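*Asks:* this is the structure alone, sequence omitted:
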């Protein structure tokens, strides 16, 4: 089994560009120069205002169709006319973009860019259709009764065999893929299969049905195994045997791939017991269960955090109410103290007033007695002096 570092180096080494030397069939192909009669489907493209002069000769030489892509745009060429496709306007149904890529005879990189944008925007099923269209377009040749099928003799393995791709973007079953192809073709197929496997994993994670999730996860594992092999692949093939092993997705590979995998049987037992990078079907079920548990844990965590935030807000409101009640209580206590002092002052003044009233009553009684004594004395003096004469 390759290590993670070797896989990363392999992914970094993939080159999707096509040069004339890589595909001489396209560079040498000549077709009659006829007016453009193909009608493109309604897609969000803009035709740059560049007029190219027609050649005077009756034939034109077709060169490899280049493509470039920038931020959110994909530039293509259709019969010499540049097209700029806005990736942000990709429809949910990829039939239109697939038809456009087929009509412009785009390189594999254009398919991969469109599929990557579909996957990045959460539309992995559409990305799978684009990749399946790429795999159907780049299927290697097969022989039926000695007649070459599935490959155009002029355009090589990158020729689109039928124009009915708009109706059927990808075959239901892939034709056998032989790894005894050129390095560039193998790199294209490996890249497409890896992207398709990643899309299958995305669909598995997004599926609500357990059966569907397991099916897509198993399909992704099969795709990964077609690229990296399996640890338990101990079947050895005889020399010269060209039989193929078709997996669950209809992808077949020559037996020499098994030779590569069985070559690892000579490794020590401790090394052969290392876990494979691709989990088996029971492990995938366990992974899906763990993902469900993790999702439920995250939901419970978010719920607890929301409840905790609400409890903190309620506590803050309660603390504010308590502080306001304490302030009102202190104000009421101060008012009570003031009223009590006033009551004490009133009581003291009442006592003083009662004492003064008592004193005034006593002084009034003494004054009355004195008045009566003086009055008696005056009467006595008055009438007593009169009797003496």
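*Replies:* Cool, the structure landed. Because the structure is predicted, anything quoted here is derived from the model rather than measured. Numbers count the residues shown, from 1 in each chain.
*Asks:* helix, strand or coil for residue 85?
*Replies:* Secondary structure, DSSP: H, G, I helix; E, B strand; the rest coil: residue 85 is strand.
*Asks:* need the nearest residue in space to it, chain neighbours excluded.
*Replies:* Spatial nearest neighbour of residue 85, chain neighbours left out: residue 74 (4.4 Å); criterion: Cβ to Cβ, 6 or more residues apart in numbering. C-beta: built from backbone N, CA, C; applies to glycine.
*Asks:* check which residues of the one helix or strand the one you found maps to are buried.
*Replies:* Under the criterion of DSSP states H and E, residue 74 resides in strand 73-78. Residues of strand 73-78 classed as buried: 74-78 (neighbour count, 16 or more other Cβ atoms under 10 Å).
*Asks:* what pairs with that strand, parallel or antiparallel?
*Replies:* In the sheet, strand 73-78 lines up against strand 68-70 (antiparallel), strand 81-86 (antiparallel) (DSSP bridges).
*Asks:* okay, and for the stretch 51-200 of the chain, where does confidence drop off?
*Replies:* Applying pLDDT under 70 to the stretch 51-200 of the chain flags the ranges 51-71, 138-181.
*Asks:* can you give me the strands in the chain?
*Replies:* 30-32, 45-47, 59-61, 68-70, 73-78, 81-86, 142-144, 147-149, 244-246, 252-254 (DSSP state E).
*Asks:* related to what we said a few turns ago, hmm, the residue nearest to residue 85 is touching residue 115, no?
*Replies:* No: between residue 74 and residue 115 there is no contact under Cβ atoms under 8 Å: 11.6 Å.
*Asks:* residue 291: neighbour count?
*Replies:* 13 (other Cβ atoms under 10 Å).
*Asks:* distance check, the closest residue to it other than its chain neighbours against residue 301.
*Replies:* Leaving out its chain neighbours, the residue that sits closest to residue 291 by Cβ to Cβ, 6+ apart is residue 205, at 6.8 Å. Between residue 205 and residue 301 the computed distance is 19 Å (Cβ to Cβ, to the nearest Å).
*Asks:* quick one: which of these two has more around it?
*Replies:* Set residue 205 next to residue 301 and count neighbours by other Cβ under 10 Å: residue 205 wins out with 15 against 10.
*Asks:* tell me where the stretch 201-350 of the chain has helices.
*Replies:* Taking DSSP state H, counting those that start in this stretch, the helices of the stretch 201-350 of the chain run over residues 210-228, 256-262, 269-272, 281-387.
*Asks:* from the contact counts, what lies against the first one?
*Replies:* When you say that, I think you mean helix 210-228. helix 183-206, helix 281-387 (3 or more Cβ pairs under 8 Å, 6 or more residues apart in numbering; DSSP states H and E).
*Asks:* next, format the buried residues of strand 73-78 as TSV and append distance to residue 211.
*Replies:* Formatted as TSV, the buried residues of strand 73-78 follow (distance: Cβ to Cβ, whole Å):
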residue	distance to residue 211
74	36
75	42
76	40
77	45
78	43
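*Asks:* just give me the closest of those to residue 224.
*Replies:* Residue 224 lies nearest to residue 74 out of the buried residues of strand 73-78, by Cβ to Cβ, at 27.7 Å.
*Asks:* out of the helices and strands packed on helix 210-228, indicate the one that is most buried.
*Replies:* Neighbour counts (mean count of other Cβ atoms under 10 Å) averaged over each of those peak at helix 183-206, with a mean of 20.
*Asks:* name the helices or strands packed onto that helix?
*Replies:* Using 3+ Cβ pairs under 8 Å, 6+ apart, the elements in contact with helix 183-206 are helix 108-120, helix 124-137, helix 210-228.
*Asks:* and residue 307, how far from residue 130?
*Replies:* Plainly put, residue 307 is 44 Å away from residue 130 if you go by Cβ to Cβ.
*Asks:* what's the answer for residue 381, then?
*Replies:* Separation of residue 381 from residue 130 (Cβ to Cβ) stands at 148 Å.
*Asks:* circling back: of all the helices and strands packed on helix 183-206, which one comes closest to residue 358?
*Replies:* The closest of the helices and strands packed on helix 183-206 to residue 358 is helix 210-228. By Cβ to Cβ, the value is 103.3 Å.
*Asks:* for the closest one, buried residues please.
*Replies:* Under 16+ other Cβ under 10 Å, the buried positions of helix 210-228 are 213-228.
*Asks:* what mean pLDDT does it have?
*Replies:* Computed over helix 210-228, the mean pLDDT rounds to 86.
*Asks:* do stretch 331-340 as well
*Replies:* The average pLDDT within stretch 331-340 is 93.
*Asks:* what does stretch 308-322 give?
*Replies:* Average pLDDT, stretch 308-322: 94.
*Asks:* with stretch 284-291 instead?
*Replies:* 83.
*Asks:* contacting residues around it?
*Replies:* Applying Cβ atoms under 8 Å, 6 or more residues apart in numbering, the contact partners of stretch 284-291 are 204-205, 210, 213-214, 217-218, 221, 279.
*Asks:* try it again at 10 Å.
*Replies:* For stretch 284-291, the external contacting residues (Cβ atoms under 10 Å, 6 or more residues apart in numbering) are 201, 204-205, 207, 210, 213-214, 216-218, 220-221, 278-280.
*Asks:* closest one to residue 359 out of the residues you listed, please.
*Replies:* Within the contacts of stretch 284-291, proximity to residue 359 (Cβ to Cβ) peaks at residue 205, which comes in at 103.6 Å.
*Asks:* great, nothing more from me.
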